[in-house]
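Visitor: can't give you the sequence, but here's the structure:
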């Protein structure tokens, strides 16, 4: 047993012994009661009021404490609520305005992949498909276009030709195709397309299925015609095959009659001078 437990047992025993040995003084108790009763029977005795003010102070203090706690609780609840609201607020950046693409409003007309010869131009040959390079704008020149040698028709030896209006033409725009087919390599070549000024005819571009860097390309206006010219650069050659040269132009609204349009070409193959020419068989674009 611990020392503290021993002390507690001893103290309890002594207290019990003291209580058992105590005898109350009955005479002194009776005397106190008699004095108290005699005092209450005196005429000048005034009954004392219970100490209510002490209780009032206690109740008031309790109410004040309760009020403080209530106010503090409300403040804490408000702060917690405000903090929760702030945490739930999300900042959203504005949606950027969409910017329209230039391709949505304008587009350069593309060259056809398979030009077809016109049946009215005198040509009877079928031509393989020609792969064209992208459309480019022709450079405008103030100088007169070159004069080509006179030709007798659409074919001269290994060189054959045809003129046609591209089927993609419409009421405001057209494309004239000149197709050349050669069975021998050409060491020189000049191609010329003439479009009659029938009203509002203005160039909108030109292209050829041969490499762009191999040719000098110009557009001029002469004697009421829009003239497209392609000249093979010195040192370049044209391989065996069929090739397309196309002029693009705007015109007045409505079908355009191409009966006055024409083309011509001159080249050299194996040291021989070759020349061809043709028209567009009064086709309407």
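Guide: Nice, thanks for sending it over. Remember, predicted model here, so these are calculated numbers, not experimental data.

Visitor: can you give me the strands for the protein?
Guide: In the chain, the segments counted as strands under DSSP state E are 139-140, 155-156, 159-165, 173-182, 188-196, 202-208, 215-222, 225-232, 241-250, 262-269, 272-279.

Visitor: okay if I get the ones you listed as TSV plus distance to residue 28?
Guide: C-beta coordinates here come from the backbone N, C-alpha and C atoms, glycine included. Shown next, in TSV, are those (distance: least, CB to CB, whole Å):
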stretch	distance to residue 28
strand 139-140	142
strand 155-156	162
strand 159-165	147
strand 173-182	138
strand 188-196	149
strand 202-208	137
strand 215-222	144
strand 225-232	147
strand 241-250	139
strand 262-269	154
strand 272-279	157
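
Visitor: can you redo the ones you listed as a markdown table with distance to residue 29 and mean neighbour count?
Guide: Conversion of the strands of the chain to a markdown table gives the following (distance: least, CB to CB, whole Å; neighbours: other CB atoms under 10 Å):
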| stretch | distance to residue 29 | mean neighbour count |
| --- | --- | --- |
| strand 139-140 | 140 | 10 |
| strand 155-156 | 159 | 20 |
| strand 159-165 | 144 | 25 |
| strand 173-182 | 135 | 24 |
| strand 188-196 | 146 | 22 |
| strand 202-208 | 135 | 20 |
| strand 215-222 | 142 | 17 |
| strand 225-232 | 145 | 21 |
| strand 241-250 | 136 | 22 |
| strand 262-269 | 151 | 22 |
| strand 272-279 | 155 | 20 |
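
Visitor: nearest to residue 12, out of these?
Guide: Checking these against residue 12 by CB to CB gives strand 202-208 as the closest, at 121.9 Å.

Visitor: just want the angle from the closest one to strand 173-182.
Guide: Using axes from the mean of the first three to the mean of the last three CA atoms, to 10 degrees, the inter-axis angle of strand 202-208 relative to strand 173-182 is 30 degrees.
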